[in-house]
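Asks: Let me see the structure of the following:
(one chain, ligands or ions: 2)
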Amino acid sequence: MHEEEPRTPHWLFGDQLGPHFVDPARGGPRRDAPLLMIESKGVFRRRRFHRAKAHLILSAMRHRAAELGDRVRYVKADTYRQGLRETMGDDPVTVHHPTSYAARDFVQGLPFVRVLSARGFLVGHDEFKRWADGRGTKHLRQEDFYRWVRTTHDLLMEGDRPVGGRWNLDHDNRQRPPRGATELGVPAPFRPQESGIDAEVRSDLDRWSRSGEVEFVGEDAPRRFPATRREALTALRRFVDHRLATFGAHEDAMLAGDETMSHSLLSSSLNLGLLDPAECVEQAEARWRSGDAPLNSVEGFVRQIAGWREYVWQVYWYFGPQYRASNALRHRVPLPDWFTDLSPDATEANCLSHVLEQVRTTGWTHHIPRLMVLGSFALQQGWEPRAVTDWFHRSFVDGYDWVMVPNVVGMSQYADGGRMTTKPYTSGGAYIDRMSDFCGPCRYKPSVRVGDDACPYTAGYWNLLHRHRDRFERNARMTQAVRGLDRLPDLDELLEQERDRRS
Ligand code: FAD
Ligand code: SF4
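Replies: Ligands and ions are numbered 1, 2, ... in the order given. Here you go, the predicted model:
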């Protein structure tokens with residue numbers, strides 16, 4: 001349809017940086033359409049972002065502008081509105097569907113902006129809606145969605161059956177860390193070399209901080225994640241060639257001396273639009289077909305991208321803008337300053353301190369520290385889910401509204417009362433002890449729930465179950481756990497101890 005309009009300028013948001021956002025064959029702008037990019041300082045002024053995240057986004061945008069050369073007009077403005085007005089006046093512009101409600105409402109409210117379909121995902125909104133609505137009263141479940149995506153996209157399939165005969169290889173992929181290991185011993189992930197553009201970004205960020213205009217949290221040096229398509233492709237290649245084969249088995253394990261384990265570290269590249277999810281899952285599948293990576297690893301990785309990432313994107317839009325405000329457990333406690341300031345020394349819980357330190361220095365952890373260390377602690381302490389979502393969004397290099405809201409509100413804080421998951425993701429210290437080497441040197445003991453040595457996760461777990469006993473008792477997957485409360489001889493003491501907990 002847009003082909004009729006002569007050379008309408010096309011606006012690229014900062015998370016629309018790959019070739020699939022300027023591809024006329026896939027509903028994008030004409031090949032000769034001028035491009036517009038707006039760098040808004042106001043975005044950083046509104047909230048205290050991790051500095052590594054601000055650096056990565058600005059570096060990626062400026063690198064993309066340098067690649068596009070004369071075709072792009074790169075505007076530095078206070079807000080998007082101002083940038084648009086200064087460059088376009090009221091002239092027509094096209095833009096691909098943005099990734100947040102705020103940005104979508106903004107572009108839809110401007111009569112001269114025409115919104116093209118979303119890019120960077122495997123499934124279209126309409127297709128998802130048809131699938132979800134077609135389930136009638138049945139709850140939405142990621143597993144069902146994932147199987148549907150595998151079938152409709154012919155991913156790891158043999159005819160209409162999954163290769164190897166099983167859809168789900170999670171059972172092979174939840175292993176604890178290898179006994180006695182301090183690291184997994186796999187080849188290191190790709191790390192980029194900084195360029196002159198990074199130096200420029202760093203000096204701008206220094207200037208903004210010095211003037212007090214913008215406040216950041218966390219450390220920013222050196223840049224650890226790809227800022228260009230070329231770097232992102234190299235990172236993908238390195239992952240599928242050297243790390244994919246070992247991805248599966250210890251996917252959920254944590255080692256203090258090995259922060260990345262065998263994870264791909266591709267989330268920021270996917271979310272900046274530097275990589276397309278289709279190429280990631282296709283390359284992974286090819287490694288299985290050529291015999292270079294085992295099925296459990298390849299299926300585990302494909303599940304993360306074609307299952308979880310895709311599902312999270314879809315439910316963000318399907319559940320609507322009110323979903324972010326869900327607070328089924330009525331949790332209202334504000335986040336403590338030590339947490340928002342990323343101060344690892346403020347807590348003696350070794351796991352939490354270690355993970356906070358990793359967030360402070362890198363703006364990234366893999367999914368289990370996010371879910372079972374940071375998120376689980378927030379849930380147990382009754383922190384306000386919206387504030388927890390905002391914290392994750394600001395503190396992680398790959399954090400965007402669409403991905404944080406379902407992951408935090410739904411997955412990690414159970415604030416939607418079970419629309420996304422069948423039960424809350426939380427545990428006592430025993431799980432962390434089984435899946436990591438954090439507990440050995442910790443001053444607490446995972447098996448102790450009351451007293452000086454009491455593990456905050458173990459005590460916090462029982463405290464949470466007690467607070468929400470009525471609700472959890474009605475959940476078949478939780479009844480067993482809730483009944484455990486009746487067997488605790490020291491429950492009163494535990495509840496009193498937890499009333500005073502600060503960190
Ligand atoms: P890998 O373990 O190598 O997985 C491969 C890819 O799968 C990731 O790069 C990512 O693109 C995708 N993926 C896997 N799980 C998810 C998921 N639940 N949601 C979306 N994509 C997924 N991921 C983000 O991209 N941005 C976030 O802001 C984010 N916040 C999270 C917050 C919480 C509380 C939790 C529990 C998870 C969150 N995730 C988020 C999902 C996941 O933790 C990260 O995608 C992953 O840790 C990134 O590291 P990786 O690229 O090495 O992932
Ligand atoms: Fe974390 Fe508890 Fe283990 Fe300490 S004992 S590392 S607080 S789970």
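Asks: What parts of this structure come near ligand 2?
Replies: In this structure, the chain approaches ligand 2 at residues 349-351, 429, 432-433, 438-439, 442, 444-446, 455-457, judged by CB under 6 Å from any ligand atom. C-betas here are computed from N, CA, C, even on glycine.
Asks: Most neighbours of all those, which one?
Replies: Among these, the one with the most neighbours (other CB atoms under 10 Å) is residue 351, at 30 neighbours.
Asks: Check which helices and strands the host helix or strand of that one sits against.
Replies: Residue 351 belongs to helix 350-362 when elements are defined using DSSP states H and E. Using 3 or more CB pairs under 8 Å, 6 or more residues apart in numbering; DSSP states H and E, no helix or strand is in contact with helix 350-362.
Asks: Would you mind pulling up the elements that the longest helix along the chain packs against?
Replies: In the chain, ranked by residue count with DSSP state H as the criterion, the top helix is helix 51-68. On a contact count with 3+ CB pairs under 8 Å, 6+ apart, helix 51-68 meets strand 35-40, strand 72-77, helix 196-210.
Asks: which parts of the last one are buried?
Replies: It refers to helix 196-210. By neighbour count on 16 or more other CB atoms under 10 Å, the buried set for helix 196-210 is 197, 198, 201, 202, 204, 205, 208.
Asks: and if you look at stretch 43-55?
Replies: Applying a neighbour-count criterion of 16+ other CB under 10 Å, one finds 43, 44, 48, 49, 50, 51, 52, 53, 54, 55 buried in stretch 43-55.
Asks: And residue 318, how close does it get to ligand 1?
Replies: Noted for residue 318: a distance of 15 Å to ligand 1, by CB to the nearest ligand atom, to the nearest Å.
Asks: Touching, that residue and residue 130? I think so.
Replies: No. In terms of CB atoms under 8 Å, residue 318 does not count as a neighbour of residue 130; the distance is 11.2 Å.
Asks: Pick out whichever of these two has more residues nearby.
Replies: Using other CB under 10 Å, the more surrounded residue of residue 318 and residue 130 is residue 318, with 18 against 10.
Asks: list the contacts for the more buried one?
Replies: Applying CB atoms under 8 Å, 6 or more residues apart in numbering to residue 318 gives the contacts 128, 129, 132, 140.
Asks: Now name the helix or strand holding the closest residue in space to the last one that isn't next to it in sequence.
Replies: Spatial nearest neighbour of residue 140, excluding adjacent residues (CB to CB, 6 or more residues apart in numbering): residue 132 at 5.8 Å. Assigning secondary structure by DSSP H and E places residue 132 in helix 125-133.
Asks: For the residue in the stretch 1-150 of the chain that ligand 1 sits nearest to, give its distance to residue 486.
Replies: Proximity to ligand 1, evaluated over the stretch 1-150 of the chain using CB to the nearest ligand atom, is greatest for residue 142 at 8.8 Å. Distance from residue 142 to residue 486, counting by CB to CB, to the nearest Å: 33 Å.
Asks: what does residue 375 give?
Replies: Between residue 375 and residue 486 the distance is 27 Å, computed by CB to CB.
Asks: And these two? Which one has more around it.
Replies: Looking at residue 375 and residue 486 with other CB under 10 Å, you find the greater number of neighbours at residue 375, namely 25 against 7.
Asks: and the protein, what are its domains?
Replies: What automatic domain parsing lists as the domains of the chain is 1-119+191-224, 125-188+226-319, 325-502.
Asks: Sweet, I'm off.
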